[in-house]
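Asker: got a predicted model here, sequence first, then my questions.
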Amino acid sequence: MTRCVLYTREGQVIGFLCTGHAAYAEAGQDIVCAAVSVLTQTCVNALERVAQVRPMVRTGPGFLAARLPEGTENRDANTLLSGMTEGLREIAAQYPNHFRLDTRAVSEWR
């Protein structure tokens, strides 16, 4: 199962962590993994290119994490993260056995 945690502060998504494999189909054929990957990677790229915000990003086998720099207040960044969130919610609703989305409020990044 793929799991994503959205980290929020004052109701705004400020970062996310996605891990795992959805196991909907074999690797390379998995539409759930592909959909999550497209949404999250496009969001990271758009944060840089559209919102002009350089998120802090970590990647590795089976995970992608990104967060806005501390103190970022950027309407475009908030819009991009909100759009990604809506897409991830739809995937979670359609594929509950393969994708889980959680939200965690944070007061500070560690």
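Answerer: On my side now, so go ahead.

Asker: tell me which stretches of this structure form strands.
Answerer: Counting by DSSP state E, the chain has these strands, from start to end: 2-9, 12-19, 56-60, 63-67, 99-105.

Asker: a markdown table please, covering the ones you listed and showing distance to A25.
Answerer: (Glycine included, C-beta is placed from N, CA and C.) Putting the strands of the chain into a markdown table (distance: least, CB to CB, whole Å) gives the following:
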| stretch | distance to A25 |
| --- | --- |
| strand 2-9 | 12 |
| strand 12-19 | 18 |
| strand 56-60 | 22 |
| strand 63-67 | 20 |
| strand 99-105 | 13 |
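
Asker: nearest to D76, of those strands?
Answerer: The closest approach between D76 and any of these, judged by CB to CB, belongs to strand 12-19 at 12.7 Å.

Asker: packing partners for the closest one?
Answerer: Secondary structure elements in contact with strand 12-19, counted by 3 or more CB pairs under 8 Å, 6 or more residues apart in numbering; DSSP states H and E, are strand 2-9, helix 31-49, strand 63-67, helix 75-94.

Asker: so which bits of the longest one are buried?
Answerer: Buried residues in helix 75-94, counted by 16 or more other CB atoms under 10 Å: A77, N78, L80, L81, M84, T85, G87, L88, I91, A92.

Asker: give me the residues contacting it.
Answerer: Here helix 75-94 makes contact (CB atoms under 8 Å, 6 or more residues apart in numbering) with 4, 6, 12-14, 16, 32, 35-36, 39-40, 42-43, 46-47, 50-53, 68, 99-101.

Asker: thinking again about what came up before, would you format the helices and strands packed on strand 12-19 as JSON lines with mean pLDDT included?
Answerer: Formatted as JSON lines, the entries for those read as follows, by pLDDT from 0 to 100:
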{"stretch": "strand 2-9", "mean pLDDT": "95"}
{"stretch": "helix 31-49", "mean pLDDT": "95"}
{"stretch": "strand 63-67", "mean pLDDT": "96"}
{"stretch": "helix 75-94", "mean pLDDT": "97"}
